[in-house]
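Student: Starting from these lines, generate the structure:
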Amino acid sequence: MSADRDRRRLKNIVGGSAGNLVEWFDWYVYSAFALYFAPAFFPQGDQTAQLLQTAAIFAIGFVVRPIGAWLMGIYADRNGRKAGLSLSVSLMCVGSLMIAVAPSYATAGLLSPAVLLAARIIQGLSLGGEYGSSATYLSEVAGRERRGFWSSFQYVTIIGGQLTALALLVALQSLLGEAAMQAWGWRIGFAVGAVLAIVVFFIRRRLDETLSFENVVKQPTRRRSGIGTLFRDHPREALLVMALTAGGTAAFYAYTIYLQKFLANTSGFDRATASRIMTVGLMVMLLLQPIAGRLSDRFGRKPLMIFFGVSATLFTYPLFTALETTDSAVAAFALVVASLVIVTGYTSINAVVKAELFPADVRALGVALPYALANALFGGTAEYVALSLKELGHERWFYIYISGLCALSLIAYVRMRETKAASMIEED
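Tutor: Numbering: from 1, shown residues only. Below is the predicted model of the structure:
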């Protein structure tokens, strides 16, 4: 019986993780390919101005994520984690397909960026629900003794999605060359994402529902998940999720999404070299996630969060200033890896920490909505803030901004309870 349960648990974790990877691949294709498609939608201005406009739409996708988190978090709490996961990947497929076939500005004028904006809004709604549903699903389906390890696969797949997007970019750069990539090659990434999302939809329909949700359904006096329930009954936990997320998400997007453009736009590396540095660096980060997650199972969640908070506060500024002037790909890679090691203290366990704060009947919404609010404020805007400050001639203010957010989150890490010892996930 135990062996059969373990096999089913592994199947559900692999299936849930695979779907999460495709969701984030679809999301990150936008950032990975932005250097090529920005002129198609925004032909006026220099490269920084074009990237700034694509970053603005990237940020708008984050603005709608709280709406997706609210609607789909409630949906997952009321209809099941599996139903929430299936709905989110369907919306992501629609958004990717719209960008893949969107007309260029030269063909359709203002309709072109309007289609891009609409597609990213749909994808933002999708991802707003995806985070809460997948974090809740992986945390609930994992066993108590290895919950940190298995839930770390959420960021394995988040990073895996970004890594796969970058790997596809590198492959297409080698096969097609710069001219073809600029003209039409960037569309391939979005088309691949749409096809993979269809495959994932059918995978998710075959997953088992979690025991936590099944037990909630059996309760005769079950609470209905909603914003009122969340902020009336769990205000401290909801605010704590926002505080935990602020510095972590800002650092994650600064160290991963923005850093690729920083290497090309500030350090002076060509676009292909910048993509390769980030691809290999993210491979290292991906491998670190389950190691850090397992450490949290043994020593607790707080030590890893505090490691991130202290390191990011102290070292963000010197890491970015060192990258400004390096002309060595090897040195740049070492600095990139150092930053990714730091942020692993947050990424590897943030999902399980948030899931362990809430009871099952409001867990998907509790994880998703406060996270999405903080992500919209500090994560999705990170690249836009960085590029805006660069255009104003004060790029280093961005390093101070990230350091300050991490310092504020560090206060929350120090003051929070150890969720491993006081987890609200009651089922094994």
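Student: quick one: what helix or strand has the residue nearest in space to the middle of the chain in it?
Tutor: The residue lying closest to the centre of the chain (Cα atoms, centre = their mean) is I158, at 5.5 Å. Following DSSP states H and E, the helix or strand that holds I158 is helix 153-180.
Student: Could you check the angle whichever helix or strand comes after that helix makes with helix 153-180?
Tutor: The helix or strand immediately downstream of helix 153-180 is helix 186-205, counting by DSSP H and E. Helix 186-205 runs at 150 degrees relative to helix 153-180, counting by axes from the mean of the first three to the mean of the last three Cα atoms, to 10 degrees.
Student: Identify the residues contacting helix 186-205?
Tutor: 15-16, 18-19, 22-23, 25-26, 29, 32-33, 36-37, 40, 82, 85-86, 89-90, 92-93, 96-97, 99-101, 165, 168-169, 172 (Cβ atoms under 8 Å, 6 or more residues apart in numbering). Yep, even glycine has a C-beta here, placed from its N, CA and C like the rest.
Student: Tabulate the CA atom coordinates of it in PDB.
Tutor: The C-alpha coordinates for helix 186-205 follow below in PDB (Å, rounded to 0.1, in the frame of the first residue of the first chain):
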ATOM      1  CA  TRP A 186      10.900  34.900 -32.700                       C
ATOM      2  CA  ARG A 187       7.400  33.700 -33.500                       C
ATOM      3  CA  ILE A 188       8.500  30.100 -33.200                       C
ATOM      4  CA  GLY A 189       9.000  30.400 -29.500                       C
ATOM      5  CA  PHE A 190       5.300  31.400 -28.900                       C
ATOM      6  CA  ALA A 191       4.000  28.700 -31.300                       C
ATOM      7  CA  VAL A 192       6.000  26.000 -29.500                       C
ATOM      8  CA  GLY A 193       4.500  27.300 -26.200                       C
ATOM      9  CA  ALA A 194       0.900  27.100 -27.500                       C
ATOM     10  CA  VAL A 195       1.400  23.500 -28.700                       C
ATOM     11  CA  LEU A 196       3.000  22.400 -25.400                       C
ATOM     12  CA  ALA A 197       0.100  23.900 -23.400                       C
ATOM     13  CA  ILE A 198      -2.400  21.800 -25.300                       C
ATOM     14  CA  VAL A 199      -0.300  18.700 -24.300                       C
ATOM     15  CA  VAL A 200      -0.200  19.800 -20.700                       C
ATOM     16  CA  PHE A 201      -3.900  20.300 -20.500                       C
ATOM     17  CA  PHE A 202      -4.500  16.600 -21.100                       C
ATOM     18  CA  ILE A 203      -1.700  15.600 -18.600                       C
ATOM     19  CA  ARG A 204      -3.400  17.700 -15.900                       C
ATOM     20  CA  ARG A 205      -6.800  16.200 -16.500                       C
END
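Student: What's the mean pLDDT across it?
Tutor: Mean pLDDT, helix 186-205: 91.
Student: show me the contacts for the residue nearest to Q47 when sequence neighbours are not counted.
Tutor: Leaving aside its sequence neighbours, Q47 sits nearest to N265 (Cβ to Cβ, 6 or more residues apart in numbering; 6.9 Å). Taking Cβ under 8 Å, 6+ apart, we find N265 in contact with Q47, T48, L51, K390.
Student: Does anything pack onto the stretch of helix or strand the last one belongs to? Which helices or strands?
Tutor: Read it as K390. Assigned by DSSP H and E, K390 belongs to helix 382-392. The elements that helix 382-392 packs onto, with contact taken as 3 or more Cβ pairs under 8 Å, 6 or more residues apart in numbering; DSSP states H and E, are helix 47-63, helix 235-253, helix 259-265, helix 396-415.
Student: thinking again about what came up before, can you point out the buried residues in the helix holding I158?
Tutor: By 16 or more other Cβ atoms under 10 Å, the buried positions in helix 153-180 come out as 153-170, 172-173, 176.
Student: before we move on, what about stretch 224-237?
Tutor: S225, G226, T229, L230, H234, E237.
Student: contacts for that stretch?
Tutor: 70, 73-74, 77-78, 223, 238, 357-358, 361-362, 364-366, 369.
Student: Quick one: mean pLDDT for the helix holding I158?
Tutor: Model confidence over helix 153-180, given as mean pLDDT, is 87.
Student: name the helices or strands packed onto it?
Tutor: Counting by 3+ Cβ pairs under 8 Å, 6+ apart, helix 153-180 packs on helix 2-32, helix 111-141, helix 186-205, helix 271-299, helix 329-347, helix 350-355.
Student: same thing but at 7 Å, please
Tutor: helix 2-32, helix 111-141, helix 186-205, helix 271-299 (3 or more Cβ pairs under 7 Å, 6 or more residues apart in numbering; DSSP states H and E).
Student: Tell me which of the ones you listed lies nearest to F213.
Tutor: Ranking those by proximity to F213 (Cβ to Cβ) places helix 111-141 first, at 7.3 Å.
Student: Put the alpha carbons of the next helix or strand after that closest one into CSV.
Tutor: Remark: after helix 111-141, the chain's next helix or strand is helix 147-151, criterion DSSP H and E. What follows is helix 147-151, C-alpha atoms only, in CSV (Å, rounded to 0.1, in the frame of the first residue of the first chain):
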residue,chain,number,x,y,z
ARG,A,147,7.7,18.6,1.7
GLY,A,148,10.4,21.2,1.3
PHE,A,149,12.2,18.9,-1.2
TRP,A,150,9.2,18.1,-3.4
SER,A,151,7.7,21.6,-3.3
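Student: For helix 147-151, buried residues please.
Tutor: Buried residues in helix 147-151 (16+ other Cβ under 10 Å): R147, G148, F149, W150, S151.
Student: Please apply the same query to stretch 44-52.
Tutor: Q50, L51, L52.
Student: got a list of what the last one touches?
Tutor: For L52, the residues meeting the contact criterion (Cβ atoms under 7 Å, 6 or more residues apart in numbering) are L387, S388, E391.
Student: Same check on T313?
Tutor: S403, C406, A407, L410.
Student: neighbour-wise, which of the residues you listed leads?
Tutor: C406 (28 neighbours; other Cβ atoms under 10 Å).
Student: mind checking how far that one is from V284?
Tutor: Between C406 and V284 the distance, using Cβ to Cβ, to the nearest Å, works out to 21 Å.
Student: same question, F149
Tutor: Counting by Cβ to Cβ, the gap from F149 to V284 is 18 Å.
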